[in-house]
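Engineer: Predicted structure and sequence below. I'll ask about it afterward.
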Amino acid sequence: MTVLVTGARGAVGSSVRAGLLAAGVDVRAAGRDPQVLPDDASARVRLDLAAPSSFGPALEGVDRAFVYVTGDLRAFADAAVAAGVRHAVLLSSEAVAADADPEPGGIAAHHAEAEAALREAGIPTTALRPGAFAGNTAQWSRGIAAGVVELPYPNSATSPIDERDIADVAVAALLAEPADESPRLSGPESLTLAEQVGLVAERVGRPIEVRAVDPERAREQMARFAPAGVVDSLFRYWREGDGVPATVTDEVERRTGHPARSYRTWLQECFTAP
């Protein structure tokens, strides 16, 4: 079996690569610049979704693929079918299931289009739909360093998932018989954003103030550096989760045999204080 891993440098992709190598699988790590990919037992190939000429060499002899959503996947999906790819595991988003009427350019629409591209091409696709990543804590780095984290919706809840758990589910799916399904993944508990900051404070050993800020002002600030559709999606997500416990599923344990790692565990094992 040969598995193509896109996004091989990312928090999820790197763990998928490591998990497959540990299982004795022939791994092909892909990126726009293969020279910056890890120098391990995996083969390194160039793959640029904006350059269809790179598809053929990257996909040659590949049975299965871990796919990271970036851009339009339709041409890549067609090339994967032509190359004989029998199964794709896609890093999608819970927003696809949560948003019945996705806004164009938003997070749900972006991932729904990727799921459709693979499935309409005829590839059985396991679309992993995680919610908030534990690694999203990095967005508070400056506030953590300053001792004050500003939040437009402090009581909005998520069930942060450790990226290693997403990777473990992906590896299990890639090693199993191809299936077309869309499991919704989560961490083991619902936590408000304020509670998450509190756990960060516990981890770094110093107090961090949570300061509520006007949502419209926060939206304007984010819109300076993020696409409008993404900003709208995030603020809608936080607003709808304000005071509402986040969904928690048992998919990680059911698919991997181990419980989902807690946010506190992620902080202890993966978080570096700014």
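Structural biologist: Alright, I've got the coordinates.

Engineer: In space, what's closest to Pro34 - neighbours in sequence excluded?
Structural biologist: Using Cβ to Cβ, 6 or more residues apart in numbering and skipping residues adjacent in sequence, the residue nearest Pro34 is Arg44, 4.0 Å away. In this view, the C-beta of every residue, glycine as well, is placed from N, C-alpha and C.

Engineer: correct me, but that neighbour touches Arg32?
Structural biologist: No: proximity of Arg44 to Arg32 does not meet the contact threshold set by Cβ atoms under 8 Å, at 11.6 Å.

Engineer: Those two: who's more crowded?
Structural biologist: Higher neighbour count among Arg44 and Arg32: Arg44, with 18 against 14, using other Cβ atoms under 10 Å.

Engineer: Now stretch 77-88: buried residues?
Structural biologist: For stretch 77-88, the neighbour count (16 or more other Cβ atoms under 10 Å) marks Ala77, Asp78, Ala79, Ala80, Ala83, Val85, His87, Ala88 as buried.

Engineer: Between the two ends of that stretch, what distance do you get?
Structural biologist: 9 Å (Cα to Cα, to the nearest Å).

Engineer: Kindly report the same for stretch 127-136.
Structural biologist: Start to finish, the residues bounding stretch 127-136 are 21 Å apart (Cα to Cα).

Engineer: average pLDDT for that stretch?
Structural biologist: Average pLDDT, stretch 127-136: 97.

Engineer: Contact partners for Ile93?
Structural biologist: Wrong residue type there; residue 93 is Ser, not Ile. Residues near Ser93 by Cβ atoms under 8 Å, 6 or more residues apart in numbering: Ile107, Ala108, His111, Arg129, Pro130, Gly131.

Engineer: The second one: what secondary structure?
Structural biologist: Okay, so that is Ala108. Counting by DSSP: H, G, I helix; E, B strand; the rest coil, the backbone at Ala108 sits in helix.

Engineer: now stretch 13-26, how far from the centre of its chain.
Structural biologist: 17 Å (Cα atoms, centre = their mean, to the nearest Å).

Engineer: oh, I was asking about stretch 230-243
Structural biologist: Counting by Cα atoms, centre = their mean, stretch 230-243 comes out at 17 Å from the chain centroid.

Engineer: Of all the residues in it, which ones are buried?
Structural biologist: Val230, Val231, Asp232, Ser233, Leu234, Phe235, Arg236, Tyr237, Trp238, Gly241.

Engineer: can you tell me which of these are in helices?
Structural biologist: Val230, Val231, Asp232, Ser233, Leu234, Phe235, Arg236, Tyr237, Trp238 (DSSP state H).

Engineer: farthest pair in those residues?
Structural biologist: Among those, the pair separated by the greatest distance (Cβ to Cβ) is Val230 and Trp238, at 12.7 Å.

Engineer: mind listing what's buried in stretch 259-270?
Structural biologist: Under the neighbour-count criterion of 16+ other Cβ under 10 Å, stretch 259-270 has Ala260, Arg261, Ser262, Tyr263, Arg264, Thr265, Trp266, Leu267 buried.

Engineer: other SSEs contacting the strand or helix carrying Ala82?
Structural biologist: Ala82 belongs to helix 74-83 when elements are defined using DSSP states H and E. Contacts defined by 3 or more Cβ pairs under 8 Å, 6 or more residues apart in numbering; DSSP states H and E place helix 74-83 against helix 55-59, helix 107-120.

Engineer: quick one, the helix or strand following the first one and helix 74-83 angle?
Structural biologist: Spelled out, it's helix 55-59. Using DSSP H and E, the helix or strand that follows helix 55-59 in sequence is strand 64-68. For strand 64-68 against helix 74-83, the angle between stretch directions is 170 degrees (axes from the mean of the first three to the mean of the last three Cα atoms, to 10 degrees).

Engineer: Got the confidence number for Val200?
Structural biologist: 98.

Engineer: switch to numbering from 30
Structural biologist: Shifting the count to begin at 30 puts that one at Val229.

Engineer: from what I can see it touches Ile237, true?
Structural biologist: Yes: in this structure, Val229 is within contact of Ile237 by Cβ under 8 Å, at 6.3 Å.

Engineer: Common neighbours of the two, please.
Structural biologist: Jointly contacting Val229 and Ile237 under the rule Cβ under 8 Å, 6+ apart are Ile173.
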